[in-house]
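Q: sequence-free structure coming up:
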């Protein structure tokens, strides 16, 4: 072998040796990195597990303390003497009934009872749980400051979608032909409605200064409408719009059509008189 071949072989062997050394060093670095990361993860896991176990132990102690307090309270209640309320010379008191009218009261509402005649209460067919509109026929004074002012009757819908809490002494739904027939025989009926505090005062004021009537609503209808005051004008407009009938009140003054405007008379211009006078035979012409 010549010298050049020997140099090439030596170079190749050197390169292979350096490659093996680099591979070994790389593998050692990777292994050390993996070992370091593994140790870090193991340490974090150990710390988290220890913290979790500590938290579980604290919660367990709190639960045990609560249970001990409950047991102590139960023992104290059992150890107290039982007091039996008993009147002198009488038997034991009867237990109070759990059924009360206040149970059916909606939150934030007040119960107000009005008295209407049976016909105005839908013929006595209204029952607890229904929803009604309140129609009022009010006597409205024409002058507020006058002592004996004239009043005019105004019919309007005061309140809409009011819940009926009770009819008479019944505050639970009850039906039957016999009940309705007996109710229709009476002249008036007491109806208790659920209203707000402000509506309670207004409803009482309206009942004092007029007559009330109830209109039954469908239980599925919850909306409120803007309605006009009932009068001859609104009735005439409604009939004209729905049926095309022109309803006019007898004796109502009819508006006369305005007379056509007259054109101003044109003034004729007068011709100025001449200042020259002509005389003939002593007379002015």
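A: That came through, no problem. Every value quoted in this text rests on a predicted model; they were computed, and no experiment measured them. Residues are numbered from 1 along each chain as shown.
Q: Quick one: neighbours of residue 191, just the number.
A: Residue 191 has 26 neighbours, counted by other Cβ atoms under 10 Å. For glycine as for every other residue, the C-beta is placed from the backbone atoms N, C-alpha and C.
Q: residues in contact with it?
A: Applying Cβ atoms under 8 Å, 6 or more residues apart in numbering to residue 191 gives the contacts 113-116, 121, 126, 164, 166-167, 214.
Q: What strand or helix carries it?
A: Taking DSSP states H and E as the definition, residue 191 sits inside strand 188-195.
Q: ok, what's across the strand from the closest residue to residue 120 other than its chain neighbours?
A: Using Cβ to Cβ, 6 or more residues apart in numbering and skipping the chain neighbours, the partner closest in space to residue 120 is residue 213 (4.0 Å). Counting by DSSP bridges, residue 213 is bridged to residue 135.
Q: Am I right that residue 213 is in contact with residue 116?
A: Yes - Residue 213 lies in contact with residue 116 (Cβ atoms under 8 Å); the separation is 6.6 Å.
Q: can you tell me which helix in this structure is longest?
A: helix 3-79 (DSSP state H).
Q: Can you name the next helix or strand after it?
A: strand 110-117.
Q: Quick check: the gap between the spatially closest residue to residue 183 that is not a sequence neighbour and residue 116.
A: Using Cβ to Cβ, 6+ apart and skipping the chain neighbours, the partner closest in space to residue 183 is residue 124 (3.7 Å). As judged by Cβ to Cβ, to the nearest Å, residue 124 and residue 116 stand 10 Å apart.
Q: Looking at these two, which one has more neighbours?
A: residue 124 (22 against 19).
Q: Next up, the contacts around the more buried one.
A: When contacts are counted by Cβ under 8 Å, 6+ apart, residue 124 touches 118, 180, 183-184, 186, 189.
Q: Emit the ChimeraX select command for whichever of those are buried.
A: Of those, the buried ones go into a single ChimeraX selection, burial set by 16 or more other Cβ atoms under 10 Å:
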select :118,183,189
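Q: Show me just the buried residues among the contacts of residue 191.
A: 114, 116, 121, 126, 164, 166-167, 214.
Q: Identify the residues contacting stretch 207-216?
A: Applying Cβ under 8 Å, 6+ apart, the contact partners of stretch 207-216 are 114-116, 120-122, 125-126, 130-139, 157-158, 191, 206.
Q: Any idea how far that stretch is from the middle of the chain?
A: For stretch 207-216, the separation from the chain centroid amounts to 25 Å (computed by Cα atoms, centre = their mean, to the nearest Å).
Q: after the longest strand that the chain contains comes which helix or strand?
A: Taking DSSP state E as the criterion, the chain has its longest strand at strand 151-167. Where DSSP H and E defines the elements, the next helix or strand beyond strand 151-167 is helix 177-185.
Q: Mind checking the pLDDT average for that next one?
A: The average pLDDT within helix 177-185 is 70.
Q: one step back: tell me which other helices or strands the longest strand of the chain touches.
A: In terms of contacts (3 or more Cβ pairs under 8 Å, 6 or more residues apart in numbering; DSSP states H and E), strand 151-167 is packed against strand 110-117, strand 131-141, strand 188-195, helix 197-208.
Q: could those go into TSV alongside mean pLDDT and distance to residue 38?
A: What follows is those, written out as TSV (pLDDT from 0 to 100; distance: least, Cβ to Cβ, whole Å):
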stretch	mean pLDDT	distance to residue 38
strand 110-117	89	74
strand 131-141	89	73
strand 188-195	89	72
helix 197-208	90	73
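Q: how's the chain carved up into domains?
A: Here the domain assignment for the chain is 1-76, 108-221+228-242, based on automatic domain parsing.
Q: now the ones you listed as JSON lines including distance to residue 102?
A: Shown next, in JSON lines, are those (distance: least, Cβ to Cβ, whole Å):
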{"stretch": "domain 1-76", "distance to residue 102": "31"}
{"stretch": "domain 108-221+228-242", "distance to residue 102": "8"}
